[in-house]
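S.K.: Kindly return the folded structure for what I paste below:
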Amino acid sequence: MNSKTKYSIILIALFGLISLIFSSIKWMYWELEYLLIAKVLFIIGIISFILYFLAKDWRKVLTRIMLFSFSISLMFSVYLSYAYFEREKSTAIMSKYERANCESLKEFFATDLKNKQIKFFQYGMGTDIELHEKLKSKYGIESFGMGCMKLSTIDCYNDLVNNYLIEKHNDSIVNGR
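M.R.: As a prediction, the model looks like this:
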């Protein structure tokens, strides 16, 4: 194994390990299949690394296996880290809007409209994916699934979004549609 390959494998394995540890800590039960795949591939890379020193005839193949398994493990771990931060960002937005009173929500809407970052908050058993996709693709509105319990004045914001859609696009969201 040349030094370039050796350092590449070491760097990929090191970043993969750090990312895998972070993902293992932060993703307790979400996205478990990706985390499991990342862990299995990392273990395959470690086994290949150990076998590299024991089986001299297989070094070329084991080098490729290490490079492949560590790289794919790193990709899954980085994806999980990215997904974690996206989920945290969404949670922060939902909490901010859910705790606000109607006057604050009107200010939020004015700011969101100005910045072209309008949001829509769905309540109920599960998120309406069709509505989510329609709002995003047709109007550039980000939709958030808030769960079953409606505990806030968020309808004040959603009414402003609905009025905006009626005025600007001659369309509305009636009962979440």
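S.K.: List the contacts of stretch 14-24.
M.R.: 35, 38-39, 42, 45, 70-71, 73-74, 77-78, 80-81, 84 (C-beta atoms under 8 Å, 6 or more residues apart in numbering). C-betas here are computed from N, CA, C, even on glycine.
S.K.: longest helix of this protein?
M.R.: Ranked by residue count under DSSP state H, the longest helix found in the chain is helix 59-99.
S.K.: for it, the distance to its chain's centre please.
M.R.: 8 Å (C-alpha atoms, centre = their mean, to the nearest Å).
S.K.: I'd like to know the average pLDDT value across that helix.
M.R.: Mean pLDDT, helix 59-99: 89.
S.K.: Against which helices or strands is it packed?
M.R.: Contacts defined by 3 or more C-beta pairs under 8 Å, 6 or more residues apart in numbering; DSSP states H and E place helix 59-99 against helix 3-26, helix 32-54, helix 102-115, strand 119-122, strand 142-145.
S.K.: got the buried residues for the last one?
M.R.: Spelled out, that is strand 142-145. Using 16 or more other C-beta atoms under 10 Å as the test for burial, strand 142-145 gives 142-144.
S.K.: Against which helices or strands is the helix or strand just after that strand packed?
M.R.: Using DSSP states H and E, the helix or strand that directly follows strand 142-145 along the chain is helix 155-169. Counting contacts by 3+ C-beta pairs under 8 Å, 6+ apart, helix 155-169 packs against helix 102-115, strand 119-122.
S.K.: What residues of stretch 104-119 count as buried?
M.R.: Applying a neighbour-count criterion of 16+ other C-beta under 10 Å, one finds 105, 108-109, 112, 118-119 buried in stretch 104-119.
S.K.: which residues are in contact with it?
M.R.: With C-beta under 8 Å, 6+ apart as the test, stretch 104-119 has contacts from 93, 96-97, 100, 139-144, 153-154, 156-157, 160-161, 164.
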